[in-house]
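Participant: Just the structure for this:
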Amino acid sequence: MVFSAGRGTPGVVAVVGATGRQGSAVVRHLLKDGWQVRALTRNPSSNASQALRALGAEVQQANTEDPASLRIPFEGAYALFNVQNPMTSGIDAEVRQGSNVAETAAEAGIRHVVYGAAGVSDQPTGVGSWDS
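Facilitator: Model prediction:
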């Protein structure tokens, strides 16, 4: 089922990686469509975080390496957009961080998850960031 702000949103959407390219685009789009957005970032005082706050996002500090830091921001969220950047953190970290987010989201009862990833197959491509 697809919800739109015009038909009534069921709750907050948490966005992991909210100050990056994909995450910030998702935040802006959701806000424009009338959703409540909880923008998660390691640095809530950064210029990018402040810009999202000015648009109406609730900015909260979180670190995907620390599952405990995700619990409060995920509390009460209906949906989640999740993206990691293997180019800055490495492939092993991308897998670890993605697992941390998925497990914490399941514990929090988040009902709808979108994961932004490059690859979509279980067959190796030889491109590390896709295969992760």
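Participant: Every contact and neighbour count from this point should use C-alpha atoms.
Facilitator: Will do.
Participant: Which elements pack onto the helix or strand hosting Val27?
Facilitator: Secondary structure from DSSP states H and E places Val27 in helix 21-32. Counting by 3 or more C-alpha pairs under 8 Å, 6 or more residues apart in numbering; DSSP states H and E, the packing neighbours recorded for helix 21-32 are strand 12-16, strand 36-41, helix 47-55, strand 77-82.
Participant: buried sites along that helix?
Facilitator: Buried residues in helix 21-32, counted by 16 or more other C-alpha atoms under 10 Å: 22-24, 26-28, 30-31.
Participant: Could you do stretch 84-101 as well?
Facilitator: When burial is assessed from 16+ other C-alpha under 10 Å, stretch 84-101 yields the following buried residues: 84-86, 91, 93-94, 97-98, 100-101.
Participant: Export those residues as JSON lines, with columns for distance to Gln61.
Facilitator: As requested, these are exported to JSON lines (distance: C-alpha to C-alpha, whole Å):
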{"residue": "Gln84", "distance to Gln61": "16"}
{"residue": "Asn85", "distance to Gln61": "17"}
{"residue": "Pro86", "distance to Gln61": "20"}
{"residue": "Ile91", "distance to Gln61": "23"}
{"residue": "Ala93", "distance to Gln61": "19"}
{"residue": "Glu94", "distance to Gln61": "19"}
{"residue": "Gln97", "distance to Gln61": "15"}
{"residue": "Gly98", "distance to Gln61": "17"}
{"residue": "Asn100", "distance to Gln61": "15"}
{"residue": "Val101", "distance to Gln61": "14"}
